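Participant: quick check, what structure comes out for this input:
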Amino acid sequence: MARKVAVVAIGGNSLIKDPKHQTVPDQYAATVETCTHLAAMIAHGWDIVITHGNGPQVGFILRRSELSRHELHEVPQGAIGYMIQKALYNEFRRRGIKKHALTVVTQVLVDKDDPAFKNPSKPIGSFMTKEDALRRQREDGWDVIEDAARGWRRVVPSPMPKRIIERDAIKHLVDHGYVVIAVGGGGIPVIEDENGDLVGVAAVIDKDYASARLAFRIHADLFLISTAVEKVALNYRKPNQRWLDRMTLSEAQQYLAEGHFPKGSMGPKIEASIWYLENGGKEALITNPENIERALRGETGTRIVPD
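Facilitator: You can find the predicted model right below:
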């Protein structure tokens, strides 16, 4: 059987079931559930690279830093990769799968002149009421927006990824049978200074865009986005809502232009899928974690394919 390689992008929001289950143990329990479905995918012959978002988690980290900034410096994050790695180790052991998962801290090059730095647009952190959001804007200088009618959130610059610095290492590892966890939170954004050295910048790269770039740069056969819904819909949550089983690239471009996919929710996922296919990708698939196996069998999910 020919090797099949997939990049599977997991949303950070999918690790938080509801406002009452936000603790690290709660998130780990959600990670374990997701990893059972990923292990099943691997058991059916897929080699995978797992990427993940971390918007809510970054929000928690920023809040902790704000509360302690009079005493302590801010710290980076890396806990989600650890949780996925541990959950997969345990699941592989239970299933008798002779695989190892490892996490690659991934730097992603962005353009220092990217217009996103002057127009913050990437939602991070928890949802807030309008009153709380405007207070944080007033008191802390946050940029805030209403996010897809679900509440208010902080937004930060979200430059486009230009190059995955560790791309060759990731490809080498997956080619040699490892399950790789990479591009966490969209990767760590870096720019090149006048000497060609890498320098970190304050921004968040959209994990779907970074995952799409990784997928077509390692010639993945499938770009799978695991999110909160089983399928993509037109007119979502409206009386004339229509679920989509399949879209061609041109149809996805048309529906996106018509405004069916908001920027704060499904928009980036569709745009990333389009980008992947435009750059030679074979197939994109969008579904929720519990339906990954069924979606791979063609029983559910939304497939986006070249024209």
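
Participant: for the rest of this, base every contact and every neighbour count on C-alpha atoms.
Facilitator: Fine.

Participant: quick check, Val199 in a helix?
Facilitator: No: Val199 is assigned strand when assessed by DSSP: H, G, I helix; E, B strand; the rest coil, not a helix.

Participant: residue ranges for the strands of the stretch 101-250 of the chain, please.
Facilitator: 101-103, 107-109, 122-128, 143-146, 152-156, 163-164, 179-181, 188-192, 198-200, 222-226, 232-234, 242-244, 246-248 (DSSP state E, counting those that start in this stretch).

Participant: pick the most deeply packed of those.
Facilitator: Of the strands of the stretch 101-250 of the chain, the one with the most neighbours on average (mean count of other Cα atoms under 10 Å) is strand 222-226, at a mean of 27.

Participant: does anything pack onto it? Which helices or strands?
Facilitator: Helices and strands touching strand 222-226, by 3 or more Cα pairs under 8 Å, 6 or more residues apart in numbering; DSSP states H and E, are strand 4-10, helix 207-217, helix 267-278, strand 284-287.

Participant: send me the third one as CSV with only the CA atoms.
Facilitator: The C-alpha trace of helix 267-278 is given here as CSV (Å, rounded to 0.1, in the frame of the first residue of the first chain):
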residue,chain,number,x,y,z
GLY,A,267,-13.5,31.8,6.8
PRO,A,268,-9.8,31.1,7.5
LYS,A,269,-10.4,27.3,7.2
ILE,A,270,-11.9,27.7,3.7
GLU,A,271,-9.2,30.2,2.7
ALA,A,272,-6.5,27.9,3.9
SER,A,273,-8.0,25.0,2.0
ILE,A,274,-8.2,27.1,-1.1
TRP,A,275,-4.5,28.1,-0.7
TYR,A,276,-3.5,24.5,-0.2
LEU,A,277,-5.3,23.4,-3.4
GLU,A,278,-4.1,26.4,-5.4
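
Participant: packing partners for that helix?
Facilitator: Packing partners of helix 267-278 (3+ Cα pairs under 8 Å, 6+ apart): helix 207-217, strand 222-226, helix 249-257, strand 284-287.

Participant: can you rerun that using 7 Å?
Facilitator: helix 207-217 (3 or more Cα pairs under 7 Å, 6 or more residues apart in numbering; DSSP states H and E).

Participant: and after the helix or strand bottoming out on mean pLDDT in the chain, which helix or strand comes next?
Facilitator: Here the helix or strand of the chain ranked lowest by mean pLDDT, DSSP states H and E is helix 55-68, holding a mean of 57. Note on helix 55-68: by DSSP states H and E, the next helix or strand toward the C-terminus is helix 79-95.

Participant: please compute how far that next one lies from its chain's middle.
Facilitator: 18 Å (Cα atoms, centre = their mean, to the nearest Å).

Participant: what does stretch 114-125 give?
Facilitator: Put simply, stretch 114-125 sits 16 Å off its chain's centre (Cα atoms, centre = their mean).

Participant: span of that stretch from start to end?
Facilitator: Distance between the two ends of stretch 114-125: 23 Å, counting by Cα to Cα, to the nearest Å.

Participant: follow-up on the earlier one: pick the most buried one from the helices and strands packed on strand 222-226.
Facilitator: Among the helices and strands packed on strand 222-226, ranked by average contacts under mean count of other Cα under 10 Å, first place goes to strand 284-287 (a mean of 28).
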